[in-house]
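1. Build me a structure from this.
(4 chains)
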There are 2 protein chains.
Amino acid sequence: MSSPSEGSRQERKQRTRQAILDAALEIADEESLATVSLRQVTKQVGIVPTAFYRHFASIDELGLALVDQSFASLREMLRDVRRTSAELRGVIEGSVAVLVEHVHQRREHFRFIARERTSGPPVVREAIRHELELFERELATDLARLPNTQAWSGDDLRIMANLVVTAMVSTAEAIILAPPNRPDVEREIVRTAVTQLRMIVVGAANWRSR
Amino acid sequence: MSSPSEGSRQERKQRTRQAILDAALEIADEESLATVSLRQVTKQVGIVPTAFYRHFASIDELGLALVDQSFASLREMLRDVRRTSAELRGVIEGSVAVLVEHVHQRREHFRFIARERTSGPPVVREAIRHELELFERELATDLARLPNTQAWSGDDLRIMANLVVTAMVSTAEAIILAPPNRPDVEREIVRTAVTQLRMIVVGAANWRSR
DNA sequence: CCTTTCAGTGAACAGCCGTACACTGAAACC
DNA sequence: GGTTTCAGTGTACGGCTGTTCACTGAAAGG
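-> Okay, the predicted model is just below:
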């Protein structure tokens, strides 16, 4: 009559799995994935420590699952950037606005990537590095559609994409770090990001045409 | 006759303190400062765990001391950049070369900053953020001496310095991550860094003069 | 020379860590 | 309806964690 929860067995398993991922993400947010213990996570979920192994073989594997989910958020953002860029002028302003919106919506995912990229378990670090490289390539194809970039080499597009990604990761970090409910601080960050993107775009164009 | 080691009492204390810092830096390099335990460190130094407290009140305090030493390395680099930039043409190439050299020489310090900036204990994170801000300001005054920047606002100089620091931190990370004894890979990183700095400098100049 | 200082010692503590193993009981299957 | 599957349970283990406290013995100071 009264099940411990709704749904079929595999639905319930999936829900527990997601609860573990959410709990780990939340705990890791305080310091880093390296400080997340299996026991903390399971306690927060409300299951016994050993039940963890029904879902993941190790914390590393859990970390890789978090990488997947975090990059899903990142790609969602890229889709939004493409959609809004097609509509109207002000590509740079629009893109930064989308970035800001997504960082707020999926704050923990963006912070996870920024953080574990340099500090996580080696496997996780490697996975993030790889995903970021793919992401850069995707961005490079978008940049190729900008005006004044038709004659560029693939190399130069990749270099520019790398710089843009670096600057945007840094912008995301700044937004995350900023105190909440301070629209003035955030507007300043946006202004900096927009200016930096302009420097990059205009600079790349002028440098190439020489 | 045979002392446990040379030197006066406070000299020996200073040497032990440095040994603790070195050991912590080495252990943190594997994952992060958050995974460094007092017992690991003291074991590596060859002293008993409780002796740690004769030098630091906590791991956090040790972390702050590491921030100091790491930024000393960073400032040493900036001094070298200034010295070589004054001599000759090719400011960008010269500066990147200096960066590469210093990253190799003080690899663990650079990695420590890049890593703990986002993942360390909150106090350490905050200290690094603050030091990086000072560093950016220092760099901004240097950038003001470049050609075509006389008319710039302080704001724009700061924004540009921020972008340069971001790009150089990213370059340092790439060098550290690169497999050793692969001059081809490293040359590619240098080429990317130089191109990116050119994009920034040329772009900033052109954008401003409009 | 006698006293004070203090870096390093060593035992003991309570608490958390990952993981092993045998188990239960309800859902899924035939 | 009887059997199988399997998410979650409960106990137990050795090992590592930070921190306490009283101590030793050599260097520093009067």
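
2. what's around residue A:47, how many residues?
-> Residues lying near residue A:47 (other CB atoms under 10 Å in any protein chain shown) number 16. The way it works is simple: take the backbone N, C-alpha and C, and place the C-beta from them, glycine included.

3. hang on, isn't it packed against residue A:15?
-> No: contact between residue A:47 and residue A:15 fails when scored by CB atoms under 8 Å: they sit 11.6 Å apart.

4. Low-confidence ranges, chain A, go.
-> Chain A contains residues with pLDDT under 70 at A:1-5, A:88-89, A:209-210.

5. The same query, at a cut-off of 50, please.
-> Counting by pLDDT under 50, the ranges of chain A that qualify are A:1-3.

6. Is the top helix by length along it in proximity to DNA strand C?
-> Longest among the helix segments of chain A by residue count, using DSSP state H, is helix A:59-87. Yes: under the criterion of CB under 7 Å from any atom of the strand, helix A:59-87 makes contact with DNA strand C via residue A:59.

7. What is that helix packed up against?
-> Secondary structure elements in contact with helix A:59-87, counted by 3 or more CB pairs under 8 Å, 6 or more residues apart in numbering or on different chains; DSSP states H and E, are helix A:9-30, helix A:91-105, helix A:107-119, helix A:122-143.

8. for that helix, which positions count as buried?
-> A:59, A:62-67, A:69-71, A:73-74, A:77-78, A:80-81, A:84-85 (16 or more other CB atoms under 10 Å in any protein chain shown).

9. Mind putting the helices and strands packed on helix A:59-87 into TSV with mean neighbour count and distance to chain B?
-> Below are those laid out as TSV (neighbours: other CB atoms under 10 Å in any protein chain shown; distance: least, CB to the nearest CB, whole Å):
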stretch	mean neighbour count	distance to chain B
helix A:9-30	16	9
helix A:91-105	18	12
helix A:107-119	22	4
helix A:122-143	16	7
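
10. mind giving me TSV with the ones you listed and columns for distance to residue A:38?
-> Rendered in TSV, the data for the helices and strands packed on helix A:59-87 read as follows (distance: least, CB to CB, whole Å):
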stretch	distance to residue A:38
helix A:9-30	9
helix A:91-105	29
helix A:107-119	17
helix A:122-143	16
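
11. Tell me which helix or strand residue A:146 sits in.
-> Under the criterion DSSP states H and E, no helix or strand holds residue A:146.

12. surely it meets residue A:201?
-> Yes: here residue A:146 lies in contact with residue A:201, judged by CB under 8 Å, at a distance of 7.2 Å.

13. And those two? Which one has more around it.
-> Between residue A:146 and residue A:201, residue A:201 has the larger neighbour count (other CB under 10 Å), namely 22 against 16.

14. closest to DNA strand C out of the helices and strands packed on helix A:59-87?
-> Put simply, out of the helices and strands packed on helix A:59-87 the one that sits nearest DNA strand C is helix A:9-30, at 3.6 Å, with distance taken as CB to the nearest atom of the strand.

15. Who are the packing partners of that closest one?
-> helix A:38-45, helix A:59-87, helix A:107-119.

16. Need the ones you listed in JSON lines (columns: distance to residue B:35).
-> JSON lines is the format used below for these (distance: least, CB to CB, whole Å):
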{"stretch": "helix A:38-45", "distance to residue B:35": "15"}
{"stretch": "helix A:59-87", "distance to residue B:35": "12"}
{"stretch": "helix A:107-119", "distance to residue B:35": "9"}
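
17. Nearest the middle, which residue of chain A would you pick?
-> For chain A, the residue lying nearest the average C-alpha position, counting by CA atoms, centre = their mean, turns out to be residue A:110 (3.7 Å).

18. closest to DNA strand D out of the helices and strands packed on helix A:9-30?
-> helix A:38-45 (7.4 Å).

19. ok, now which ones touch residue A:159?
-> By CB atoms under 8 Å, 6 or more residues apart in numbering or on different chains, the residues touching residue A:159 are B:192, B:195-196, B:199.

20. Neighbour-wise, give me the winner out of the residues you listed.
-> Using other CB under 10 Å as the contact criterion, the top neighbour count among the contacts of residue A:159 goes to residue B:196, which has 28 neighbours.

21. That one contacts residue A:163, correct?
-> Yes: with contact taken as CB under 8 Å, residue B:196 and residue A:163 are classed as touching, separated by 4.7 Å.

22. Next, show the common contact partners of those two.
-> Both residue B:196 and residue A:163 are in contact with residue B:167, where contact means CB under 8 Å, 6+ apart.

23. Find the nearest non-adjacent residue to whichever residue of chain A sits closest to chain B, please.
-> Of chain A, the residue with the smallest distance to chain B, taken as CB to the nearest CB, is residue A:203 at 1.6 Å. Take residue A:203 and drop its neighbours on the chain: the residue closest to it by CB to CB, 6 or more residues apart in numbering or on different chains is residue B:203, 1.6 Å away.

24. how near is that neighbour to residue A:163?
-> When CB to CB, to the nearest Å is applied, the distance between residue B:203 and residue A:163 equals 10 Å.

25. repeat for residue A:187
-> Going from residue A:187 to residue A:163 by CB to CB gives 23 Å.

26. These two: which is more packed in?
-> residue A:163 (28 against 11).

27. can you tell me how far that one sits from DNA strand C?
-> Here the criterion is CB to the nearest atom of the strand, to the nearest Å. By it, residue A:163 lies 38 Å from DNA strand C.

28. same check, this time on residue A:200
-> With CB to the nearest atom of the strand as the criterion, residue A:200 and DNA strand C are 42 Å apart.

29. Not counting its own residues, what contacts stretch A:195-210?
-> Outside of stretch A:195-210, the residues that reach it under the criterion CB under 8 Å, 6+ apart are A:92, A:95-96, A:146, A:148-149, A:151-152, A:156, A:160, A:163-164, A:167, A:171, B:156, B:159-160, B:162-163, B:198-207.
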